[in-house]
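# fold the following, please.
(one chain, ligands or ions: 1)
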Amino acid sequence: MAQSKYTTHLGMVDILPDEVRKWQYLENLIRQEAHKFNFEEIRTPIMEQTELIVRGLGQLTDIVSKEIFAFSRGEDNYVLRPELTAPVVRAYVEHHLGQRGGSQKLFYIGPMFRAERPQKGRQRQFHQFGLEVLGSSDAVADAEVIAFMIHIYNKIGIKNTTLKINSIGDPESRDKYKEALKAHLKPNFDKLSDVSKKRFEKNPLRILDSKEEEDQPFIETAPVITDFLNDDSVNHYNKVKDYLSELGISFEEDPYLVRGMDYYTQTAFELISPDLGAQDALAGGGRYDLLVEEIGGQPTPAVGFAAGMERLLIACEELGIVLGDEKSVDVYIVTLGDAARKWGLAQLPKLRSNGISATMDYMGRSMKAQMKDANRENARFAIIVGENELKEGKFTFRNMTESEEESLTFDDILGKF
Ligand code: HAM
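Numbering: from 1, shown residues only. Now for the predicted structure:
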């Protein structure tokens, strides 16, 4: 086949019709289940102000320092959203959503953009679904967010997952921990990887996330943040664990779990799958009690998570889970001759207005080729029409799976559905 002159950008993927059916199934499921949890959908623009993302996620994070797609136009600085927590918080503040009363329980589905090095499960345009609860500091909110996340994977049949949780405390506890971590790493500073050396001063917590082999001995022996938490943080963390147990959700505590954005406080969690290879995080999230204020709103505690949809689909493939149905149509009208073709065209709207999906040949093909096409389209039934059928007002109604035929009026055919 000839090579196409134009292709998608690196790490950006077309989702073709056979794939789209899986996506639609997944999106419908998420919307339906979010509704059961009493969450409302929010949709924000694909582009945000660069300043929002820099402020929200943190200047020194990998996403902001290396991975954002940003450009300016006139006076304005645009960024393709790399995630949706900061944009949702922006919308919450901009539209005073807190005034609706109670905690705001929002969910979203959509594309995100990060200029990462593409590999399996890591793209430059990828999709997330997620939840954000704004206005609650109660550990019940943390537990419900995690419960929804687990619920979606369970519902789909992805059960072989590990929920890792940690508490990274409040800024005060974290500052104390940072000092202890630096004191632990300092004697071996020269042995650390180059990336970790760079992170040492400004973002030492991220060293715990390093995959570099030379860093591992120092990470394994590092002090743990949970030893540095103040009473409030410990209480909150204990409640989260208690509520998860109450919900029958098992978890592993990982005191070295730190997340990639600076906005996190208290609870941090990730859902890991052994079926994913190197990019093994299906989903992640946590509390971000200071972000609303950081972005200019009233102090508002919040918690949320986001899940990678491509990674969910990869896990399905690995596990042999088929999402959605195959392509199919209820009725294919097979016609012979001009009059029959015209009749067929006129019946399509009647079928469709009765809730029956229907199609016919668009290429002027022979009857044999039309039957072949009806099979290819997975038609459940064919209505076969030639001159005689038109004269008699009775048509061949063929059940394509059973290979059985009847001669029926059009009204009788409608009555069959
Ligand atoms: P995150 O961990 O950066 O968190 O992303 C959440 C999930 O998105 C990851 O676990 C992964 O499945 C997927 N993901 C991230 N980057 C890529 C990529 N380049 N290609 C494919 N999938 C990817 C957040 O985005 C936070 N906003 C989550 C959150 C919500 N925290 C609080 N509320």
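# distance from stretch 16-24 to the middle of the chain?
14 Å (Cα atoms, centre = their mean, to the nearest Å).
# buried stuff in that stretch?
Buried residues in stretch 16-24, counted by 16 or more other Cβ atoms under 10 Å: Lys22, Trp23. Any C-beta I mention is one placed from the backbone N, CA and C, and that applies to glycine too.
# now that stretch - C-alpha only, CSV.
Taking C-alpha atoms only, stretch 16-24 is exported to CSV below (Å, rounded to 0.1, in the frame of the first residue of the first chain):
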residue,chain,number,x,y,z
LEU,A,16,-10.8,4.1,14.1
PRO,A,17,-14.4,2.9,14.0
ASP,A,18,-13.8,-0.7,15.3
GLU,A,19,-12.0,0.9,18.3
VAL,A,20,-14.5,3.7,18.8
ARG,A,21,-17.2,1.1,19.6
LYS,A,22,-15.1,0.0,22.7
TRP,A,23,-14.6,3.7,23.6
GLN,A,24,-18.3,4.4,23.4
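# give me the residues contacting that stretch.
Ile15, Met309, Leu313, Cys316, Leu323, Gly324, Asp325, Glu326, Lys327 (Cβ atoms under 8 Å, 6 or more residues apart in numbering).
# inside helices: which ones of those?
Within the contacts of stretch 16-24, membership in helices is found for Met309, Leu313, Cys316, as judged by DSSP state H.
# mind putting those residues into TSV with distance to the ligand, pLDDT and neighbour count?
Converted to TSV, those look like this (distance: Cβ to the nearest ligand atom, whole Å; pLDDT from 0 to 100; neighbours: other Cβ atoms under 10 Å):
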residue	distance to the ligand	pLDDT	neighbour count
Met309	8	98	23
Leu313	11	96	20
Cys316	14	96	18
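# and the residue of the stretch 251-400 of the chain nearest the ligand?
Gly308 (2.4 Å; Cβ to the nearest ligand atom).
# do you know how far that residue is from Ala283?
Applying Cβ to Cβ, to the nearest Å, the value for Gly308 to Ala283 is 7 Å.
# tell me the pLDDT of the residue nearest the centre of the chain.
Closest to where the C-alpha atoms of the chain average out (Cα atoms, centre = their mean) is Gln128, at 2.6 Å. Gln128 is assigned a predicted lDDT (pLDDT) of 98.
# go on, Asp338?
96.
# near the ligand, which residues of this structure show up?
Residues of the chain lying near the ligand by Cβ under 6 Å from any ligand atom: 83-85, 114, 116, 121-123, 126, 128, 130, 132, 260, 281-286, 288, 304-308, 310-311.
# ends of stretch 282-298, what's the gap?
Taking Cα to Cα, to the nearest Å, stretch 282-298 runs 32 Å from one end to the other.
# no no, stretch 45-52
13 Å.
# pull out the buried positions in it.
The neighbour-count criterion (16+ other Cβ under 10 Å) identifies Met47, Glu48, Thr50, Leu52 as the buried residues of stretch 45-52.
# once you drop chain neighbours, what's closest to the third one?
Excluding the flanking residues, the one nearest Thr50 by Cβ to Cβ, 6 or more residues apart in numbering is Asn77, at 3.9 Å.
# part of a strand, is the one you found?
Yes. The assignment for Asn77 is a strand, going by DSSP: H, G, I helix; E, B strand; the rest coil.
# and the protein, what are its domains?
17-170+230-319, 329-414 (automatic domain parsing).
# and those, which is most packed in?
domain 17-170+230-319 (a mean of 18; mean count of other Cβ atoms under 10 Å).
# among the buried residues of stretch 45-52, which lie within helices?
Under the assignment DSSP H, those contribute Thr50, Leu52 to helices.
# what distance do you get for Asn166 to Pro204?
16 Å.
# is the residue of the stretch 251-400 of the chain closest to the ligand in a bridge, and if so with what?
Under DSSP bridges, the beta-bridge partners of Gly308 are Gln128.
# returning to what we had before: JSON lines please, covering the contacts of stretch 16-24 and showing distance to Val334.
Shown next, in JSON lines, are the contacts of stretch 16-24 (distance: Cβ to Cβ, whole Å):
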{"residue": "Ile15", "distance to Val334": "31"}
{"residue": "Met309", "distance to Val334": "39"}
{"residue": "Leu313", "distance to Val334": "36"}
{"residue": "Cys316", "distance to Val334": "36"}
{"residue": "Leu323", "distance to Val334": "31"}
{"residue": "Gly324", "distance to Val334": "27"}
{"residue": "Asp325", "distance to Val334": "23"}
{"residue": "Glu326", "distance to Val334": "21"}
{"residue": "Lys327", "distance to Val334": "18"}
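# wasn't Lys155 part of a strand?
No. In this structure, Lys155 is helix, not part of a strand, as judged by three-state DSSP.
# in the stretch 101-250 of the chain, which residue sits nearest the ligand?
Phe126 (3.4 Å).
# how near is the nearest residue to that residue once chain neighbours are set aside to Glu377?
Take Phe126 and drop its neighbours on the chain: the residue closest to it by Cβ to Cβ, 6+ apart is Glu310, 5.3 Å away. Distance, Glu310 to Glu377, by Cβ to Cβ: 28 Å.
# show me the residues of the chain next to the ligand that map onto strands.
Among the residues of the chain next to the ligand, the members found in strands (DSSP state E) are 126, 128, 130, 132, 281-286, 304-308.
# specify the local secondary structure of Lys198.
At Lys198, secondary structure determined by three-state DSSP is helix.
# going forward, count from 827.
Yes, from this point I'll number from 827; that puts the last item at Lys1024.
# same for the host helix or strand of Ala969, what does it pack against?
Using DSSP states H and E, Ala969 sits in helix 965-982. If contacts are counted by 3 or more Cβ pairs under 8 Å, 6 or more residues apart in numbering; DSSP states H and E, helix 965-982 sits against helix 843-862, strand 951-960, strand 988-993, helix 1057-1072, strand 1091-1098, strand 1107-1113, strand 1128-1134, helix 1135-1145.
# now the ones you listed in JSON lines, with distance to Ile1209?
JSON lines is the format used below for the helices and strands packed on helix 965-982 (distance: least, Cβ to Cβ, whole Å):
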{"stretch": "helix 843-862", "distance to Ile1209": "25"}
{"stretch": "strand 951-960", "distance to Ile1209": "39"}
{"stretch": "strand 988-993", "distance to Ile1209": "53"}
{"stretch": "helix 1057-1072", "distance to Ile1209": "56"}
{"stretch": "strand 1091-1098", "distance to Ile1209": "49"}
{"stretch": "strand 1107-1113", "distance to Ile1209": "46"}
{"stretch": "strand 1128-1134", "distance to Ile1209": "44"}
{"stretch": "helix 1135-1145", "distance to Ile1209": "36"}
